[in-house]
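> 3D model of this:
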Amino acid sequence: TAVVAMLCIPRVLEIVDEVIRNRSDVVHLFWSRHAALALPVLRDLGVPAVRTSFVGAYDLVADDFLVRLALASSQAAFSHADANRPYVETNAPSGLPVHIVHRGIPLPELSDDLPRDGALWVTASALVVEKNVEAVLRAFALARSSKPDLRLLVCGDGPDRQRLEQLAEQLGCTGAVQFMGHIDRQALFRIMRGAATFLLLSKKASERLPNVIKEALWSGCAVITSNSEGIDELVPDPGIGLVVDPDDNAATAQAVDAVLNETAAAADERRLRARALIAERFSNLESMARYVTAWQGIPQAT
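Sure, this is the predicted structure:
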């Protein structure tokens, strides 16, 4: 990591020069990785721009000197989950302001007049082992034993695809599972808007309040998701979505059963509560407004 950081120094100096030439008001480090090297340079040159850094999922997993350098050179730190606060405060200089701002998503207009296919289930992620799409296929196969007309769209691509296609065949789901490959965000939202259920059973260490879960909740899907760090901030109770340990087959089976037996009235109530939560805490406009307010509260250096 140190060698790569040294190789980044020419680009870091270009960034510093660009900040100075543009007379930037704020320099915000979106990930506390190699670009963190720019912050102490700006500080030591006395550049008046406000310096802040974001500590997110990859930073928490890396847990290296770049994260601590970013925090030591910042006037405030941001993260996107309350669950991350202890780590940020432990690694930040004493007294550094820490702002928790949930990462927002664009909230497309919705209409419940559009048809929803009660037999359509969806998952979306990179097809890598850590995302645990295998568990989604097994949960889907279990659901089909009770409801044979179910179909699953697997959105995303990656090196695990061939193995997952073979597994779908072994589970007797070949005709019911369609691997869509990579699709863009808008297309995925349209798919979710017409689907009944969305599953994400990821075991990836860096998983933190996944945007795709926010989109699934906003779209109106019933959601089954893994118990990743901080997930209770996004899915606080079973009336909004179901959180399971992806290694607990009985818990997953219970969640599948709950989704299959949800009444229309319960589904309507779930969608109302889920959308209210997303609009209140996870709108990109609200999130960015909170960033701006925080930046405006930090005095520029003179």
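
> So what's the gap between the helix or strand bottoming out on mean pLDDT in the chain and the chain middle?
Ranking every helix and strand in the chain by mean pLDDT, DSSP states H and E puts helix 57-62 at the bottom, with a mean of 90. Distance of helix 57-62 from its chain centroid, counting by CA atoms, centre = their mean, to the nearest Å, is 13 Å.

> Which secondary structure elements does it sit against?
helix 65-72 (3 or more CB pairs under 8 Å, 6 or more residues apart in numbering; DSSP states H and E). All C-beta atoms are positioned from the backbone trio N, CA, C, and that covers glycine.

> if we go to 10 Å?
For helix 57-62, the packing partners by 3 or more CB pairs under 10 Å, 6 or more residues apart in numbering; DSSP states H and E come out as helix 65-72, strand 76-79, helix 85-91.

> what does that helix contact?
With contacts defined as CB atoms under 10 Å, 6 or more residues apart in numbering, helix 57-62 is touched by 1, 29, 31-33, 36, 53, 66-67, 70-71, 79-81, 83-84, 87-88, 91, 204-210, 228-230.

> Which members of these are classed as buried?
29, 31-33, 36, 53, 66-67, 70-71, 79-81, 83-84, 88, 91, 204, 207-210, 228-230 (16 or more other CB atoms under 10 Å).

> report the longest helix in this structure, please.
For the chain, the helix with the greatest residue count under DSSP state H is helix 264-281.

> Name the residues that touch it?
Taking CB under 10 Å, 6+ apart as the rule, helix 264-281 contacts 101-102, 104-105, 107, 110, 112, 116, 118, 196, 209, 213-223, 233-241, 258-259, 262-263, 286-287.

> And stretch 245-256, by the same measure?
121, 132, 134-136, 138-147, 197, 199-203, 222-228, 238, 241-244.

> avg pLDDT for that stretch?
The average pLDDT within stretch 245-256 is 96.

> Counting neighbours, which bits of it end up buried?
Result for stretch 245-256 [16+ other CB under 10 Å]: buried residues Pro246, Ala251, Thr252, Ala255, Val256.

> and the last one, what helix or strand is that in?
Put plainly, it is Val256. Element membership of Val256 [criterion: DSSP states H and E] is helix 249-260.

> All the strands of the stretch 151-300 of the chain, residue numbers only.
Using DSSP state E, counting those that start in this stretch, the strands of the stretch 151-300 of the chain run over 151-155, 177-181, 195-200, 222-226, 242-244.

> Tell me which strands the last one pairs with, and in which orientation.
Going back to what we said before, that points to strand 242-244. Sheet pairing of strand 242-244 (DSSP bridges) gives strand 222-226 (parallel).

> Next, give phi and psi for the most centrally placed residue in the chain.
Taking CA atoms, centre = their mean as the criterion, Pro210 is the residue nearest the geometric centre of the chain, at 2.2 Å. Reported as degrees, to the nearest 10, the phi and psi values for Pro210 are phi -60, psi 140.

> Does it touch Ala216 like I think?
Yes. The pair Pro210 / Ala216 is scored as a contact, 9.1 Å apart, by CB atoms under 10 Å.

> Am I right that Arg151 is in contact with Ala168?
No. Distance between Arg151 and Ala168: 11.7 Å, which falls outside the contact criterion (CB under 10 Å).

> Which neighbours do those two have in common?
Overlap of the contact sets of Arg151 and Ala168 (by CB under 10 Å, 6+ apart) consists of Phe140, Gly175, Ala176, Val177, Gln178.

> Make a ChimeraX selection of the buried ones in those residues.
In ChimeraX syntax, the buried subset of the shared contacts of Arg151 and Ala168 is picked out as below (16+ other CB under 10 Å):
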select :140,176,177
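
> in the stretch 1-150 of the chain, which spans are helices?
Taking DSSP state H, counting those that start in this stretch as the test, the helices found in the stretch 1-150 of the chain are 2-7, 9-22, 38-44, 57-62, 65-72, 85-91, 133-146.

> Tell me where the protein is predicted with low confidence.
112, 301-302 (pLDDT under 70).

> Could you pick out the longest strand of it?
Counting residues, the longest strand found in the chain (DSSP state E) is strand 117-124.

> Which parts of it count as buried, going by neighbours?
For strand 117-124, the neighbour count (16+ other CB under 10 Å) marks Leu120, Trp121, Val122, Thr123, Ala124 as buried.
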